[in-house]
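Asker: Here's a sequence, model it:
(chains A and B)
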Amino acid sequence: MARPLFILTPARSFSSVISAMIGNHPELMGLAETHLFFRDTYEDMHNIYRARPQTQDGLLRVVAELGLGEQSEVNIEAARALLEENRHAPTADIFADLADWAGPRELVDKSPMYLSDVKCMQRMHAAFPEARYLHITRHPRSTCDSLHQLINAPGRQKKFVKPEDMTPEKMWLEPHLRVLEFAQSIEPDQYMRLRGEVLMEQPEVYLQQIAEWLGISSSQTAVEKMLHPENSPFSRFGPENARFGNDPKFLGDPKLRPYKAKQLDLEEPMSWDPSVTFSEMVVQYAYRFGYG
Amino acid sequence: MLTLKHFERIGKQGVGNPRSQIAHSMARFKDRIYLGVTHPKADGPTDAARILRYVEDTGEWETIHKSPLVRSDENATVKDIYRQNMGEGGGALSTPTSPYVPRDRGYRCMTLYTPNGSDEEVLFTSTLSHWGSRLLVSRDGETFEVASEPGLGREDILSFRNLVPFNGKLFVAPAGSVQDGVMDRNFGDIARLFVSDDPLSGEWREAMEPGFGDPNNLSIFCMRTFNGYLYAGTGNPKRGFQLWKTRAEGEPPYEWECVLHDGAYRYNINETAATLVEFNGQLYLSSGIPGLGMDMANDIGPAAAELIRLDPDDSWELIAGEPRFTPDGLKVPLSLMGPGFDDPENSVFWSMTAHDDALYVGTHHNRMWRDSLGGADEVKGGFHLWASTDGEEFEAITLNGFDDPYATGVRSLLSTPEGLFVGTTTHRDVERLWRLRTRKGGQAGIGGLEIWLGANR
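Answerer: Reported below is the predicted structural model:
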């Protein structure tokens, strides 16, 4: 039985680079964002693909790479056809096929969409009872600022974002609460939490520990490979018919750079709206995660 | 190592007063065992705290000292910070039934100290008082005299949780506060520590920068000497406990070195460093959340306690607790047990001691409160007492308060040549509440703390 690693993190929380680093371990295979556990079957995913076609890119690239040998335009179309032929297949079965193709390497999967509903995580657990889950956090202020910037970037389609969703509770707290709720339902050794900032500041220190926890080689050689997220086949733009599958900013510049976390407070109002401050509950969970 | 069969009860029903619920402190002084008891409330003269002495020949406890009474005033009716949200009129700690209430509703800590220039040990005891904690001293074990100003000059100090002699000096750490009509049994404005090389003179100085420079360190919860240093663990509701050490050289305030911070990277879920003890050349630190597993005042928890071990070089390992990534490496529990020794109701590892060849860990257990206040059909719970000869593999001596769910905590442990003394916190009065709530009828048991003695007989 495959034992994938799922990285659970809200959007704008270092998920792309961290996932690519961990997935670059010689015994692992980091994926583009497949979003597979967002729904029960591939067919159920079609509504999402219709509304936001780019969300399919990650899965197409992964099927092309792992199942067909490389990510070419031809293989992307072949992957699309293959998936359409099996459109009634449970998404868990498709993921199991990916795991078979990648074997003996274990899969590393992440998608911020999984944190929108605890059912996504429950699907993962039902399909892979021995999977591991790495919960990555980021300071609520930088998470919210980054999301706000992204949503308001020029040319960005804002129709998917309701104003009432632009609160620290919705952007930061609720996704984390869903992870904590899910973590209660699995064995303690299946779940670990880590502040993304410390991993980014001292990647050698924490990547080695992650490997140790996963029970794979924590040798210097293995860690050295993990320090090069740019070497993943999914750390670049894909062919024209499946360009994305990850944060475009990361795809354009996937190298790991020295990082130093800023000192951030929990009292000041949000940069984009002086009337919005963190609620007591957001502050409390920020302390719980080691921020403050 | 002691097991359940080695323990017998040598004190029950509050040792002479069922309202005495907390065996807060114990010491062996002049070859006799002394016990300081605390009352959760101070409604009237019957809540006067006592210092008792064990009479081995008869198996009884004799009262050596009893709190004087004072006229009740606004400090007698303060609100409990943990109950502040109980609505208008709610949350009062006590409702005095008499014009007079005890000055001391508890005797929280005892320690032996040899004054400079003397070769005779004296016994210091700290009081728990709403009018400023005092230090009491006994030279002969028969009489106890006041040996300090209230709160060493700060009358808002509820008690002194730790009295520790080190390098000829006595260090005392305040715990809790009474101010503006509210009592906080654990925290004050900021952590402080006082030191004196002549405590009987009444001259005390600050031994550290308040809060160790961190305004979120609100109290020192535990102290212990180890490897030529004095170690002090804090309570910090925002960042989690910190552990500091000093050689206490030169003039106070001394230079301190931070050993652990951020609740050993479990953050504020490890809100306080509850106890410290040396065993087999290593220092064991336990954590905990005050209150009933949930710090209502600071909105922390519920969560269970951890046990951590430090080497003389201050490197550390997790013995029981939550696996995590840290700057000091991956920490997984060496006992293979999670927080609370795998019981989420063990909110504090409340007392620890080394005795003969083993380390003993007693817990505070919340289950009774949940069952009683929630009106469960049956009340379960009771503290745990665990033991280990290597500090990694633990065996349970009891998982149910020696078969008493109302015995919620091991509040004190004392290793003596006669055996291991175990002092409980027992809230028998809650049984009456549960019987009312569930319409069970019947008679509630008679309450109060218990003392158990474990010995290889």
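
Asker: What helices and strands are in contact with the lowest-mean-pLDDT helix or strand in chain B?
Answerer: Here the helix or strand of chain B ranked lowest by mean pLDDT, DSSP states H and E is strand B:79-80, holding a mean of 86. Under the contact criterion of 3 or more C-beta pairs under 8 Å, 6 or more residues apart in numbering or on different chains; DSSP states H and E, strand B:79-80 touches strand B:182-184. Where C-beta positions appear, they are placed from N, C-alpha and C, glycine not excepted.

Asker: what does the stretch 101-250 of chain A put close to chain B?
Answerer: Applying C-beta under 8 Å from any C-beta of the partner chain, one finds that the stretch 101-250 of chain A approaches chain B through A:188-189, A:192-194, A:198, A:202, A:205-206, A:209-210, A:212-213.

Asker: mind listing the helices in the stretch 1-150 of chain A by residue range?
Answerer: With DSSP state H, counting those that start in this stretch, the ranges of helices along the stretch 1-150 of chain A come out as A:15-23, A:46-51, A:57-62, A:68, A:73-85, A:91-102, A:118-127, A:140-151.

Asker: what's next to the second one, contact-wise?
Answerer: This points to helix A:46-51. A:35, A:38-39, A:55-56, A:87, A:160 (C-beta atoms under 8 Å, 6 or more residues apart in numbering or on different chains).

Asker: Farthest-apart pair in those, please.
Answerer: A:Arg87 and A:Phe160 (24.3 Å; C-beta to C-beta).

Asker: which residues in chain B form helices?
Answerer: B:262-265, B:367-373, B:429-437 (DSSP state H).

Asker: now those as JSON lines including distance to chain A and mean neighbour count?
Answerer: Converted to JSON lines, the helices of chain B look like this (distance: least, C-beta to the nearest C-beta, whole Å; neighbours: other C-beta atoms under 10 Å in any protein chain shown):
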{"stretch": "helix B:262-265", "distance to chain A": "6", "mean neighbour count": "22"}
{"stretch": "helix B:367-373", "distance to chain A": "17", "mean neighbour count": "20"}
{"stretch": "helix B:429-437", "distance to chain A": "28", "mean neighbour count": "17"}
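
Asker: Include mean pLDDT when you put these into TSV, please.
Answerer: Putting the helices of chain B into TSV (pLDDT from 0 to 100) gives the following:
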stretch	mean pLDDT
helix B:262-265	98
helix B:367-373	93
helix B:429-437	90
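
Asker: Between those helices, which one is closest to B:Leu123.
Answerer: helix B:429-437 (30.2 Å).

Asker: Output the contacting helices and strands for that closest one.
Answerer: helix B:367-373.

Asker: Output the helix it packs on as CSV, nothing but the C-alphas.
Answerer: Extracted in CSV, the C-alpha atoms of helix B:367-373 (Å, rounded to 0.1, in the frame of the first residue of the first chain):
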residue,chain,number,x,y,z
ARG,B,367,-12.0,13.6,34.1
MET,B,368,-13.8,13.9,37.4
TRP,B,369,-14.7,17.5,36.7
ARG,B,370,-16.1,16.7,33.3
ASP,B,371,-18.2,13.8,34.5
SER,B,372,-19.5,15.6,37.7
LEU,B,373,-20.2,18.9,36.2
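
Asker: Low-confidence ranges, chain A, go.
Answerer: A:154-161, A:163 (pLDDT under 70).

Asker: List the residues that contact whatever residue of the stretch 51-200 of chain A ends up closest to chain B.
Answerer: In the stretch 51-200 of chain A, the residue that lies nearest chain B is A:Leu194 (5.1 Å; C-beta to the nearest C-beta). Contacts here follow C-beta under 8 Å, 6+ apart; on that basis A:Leu194 touches A:134-137, A:206, A:210, B:325.

Asker: In a markdown table: the residues you listed, plus neighbour count.
Answerer: Formatted as a markdown table, the contacts of A:Leu194 follow (neighbours: other C-beta atoms under 10 Å in any protein chain shown):
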| residue | neighbour count |
| --- | --- |
| A:Leu134 | 23 |
| A:His135 | 19 |
| A:Ile136 | 23 |
| A:Thr137 | 27 |
| A:Tyr206 | 25 |
| A:Ile210 | 26 |
| B:Phe325 | 24 |
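
Asker: ok, so of those residues, who is nearest B:Leu433?
Answerer: Looking across the contacts of A:Leu194 and measuring by C-beta to C-beta, the closest to B:Leu433 is A:His135, at 40.0 Å.

Asker: Can you say which of the contacts of helix A:46-51 are buried?
Answerer: Among these, those buried by neighbour count (16 or more other C-beta atoms under 10 Å in any protein chain shown) are A:35, A:38-39, A:55-56.

Asker: hmm, back to that, out of the helices of the stretch 1-150 of chain A, nearest to B:Gly448?
Answerer: helix A:118-127 (46.3 Å).

Asker: Can you pull the residues of the stretch 101-250 of chain B lying near chain A?
Answerer: So the stretch 101-250 of chain B meets chain A at B:238-239 (C-beta under 8 Å from any C-beta).

Asker: what are the ranges of the strands in the stretch 101-250 of chain B?
Answerer: Remark: strands assigned in the stretch 101-250 of chain B by DSSP state E, counting those that start in this stretch are B:106-113, B:122-128, B:135-138, B:145-146, B:157-166, B:169-179, B:182-184, B:194-196, B:205-206, B:219-226, B:229-235, B:243-246.

Asker: and those strands, which one's lowest on average pLDDT?
Answerer: Among these, strand B:182-184 carries the lowest mean pLDDT, a mean of 91.

Asker: you'd agree B:Asp328 is up against B:Trp316?
Answerer: Yes - B:Asp328 is in contact with B:Trp316 according to C-beta atoms under 8 Å; the separation is 6.7 Å.

Asker: More neighbours: which of those two?
Answerer: B:Trp316 (21 against 15; other C-beta atoms under 10 Å in any protein chain shown).

Asker: May I have the beta-bridge partners of the residue nearest the centre of chain A?
Answerer: Nearest residue to the geometric centre of chain A (C-alpha atoms, centre = their mean): A:Lys110, 2.8 Å. As for beta bridges, A:Lys110 partners with A:Ile7 under DSSP bridges.

Asker: isn't it right next to A:Ser15, touching?
Answerer: Yes - contact criterion C-beta under 8 Å: A:Lys110 and A:Ser15 qualify, at 5.1 Å.

Asker: got any residues that touch both of these two?
Answerer: A:7, A:9.

Asker: tell me, how many neighbours does residue 57 end up with?
Answerer: Because you didn't say which chain, this covers chain A. Quick note: A:Asp57 (other C-beta under 10 Å) scores 23 neighbours.

Asker: please go with chain B instead
Answerer: Using other C-beta under 10 Å as the criterion, the residues surrounding B:Asp57 number 6.

Asker: Over to B:Thr114?
Answerer: So B:Thr114, with other C-beta under 10 Å, has 13 neighbours.

Asker: per-residue pLDDT, it?
Answerer: 96.
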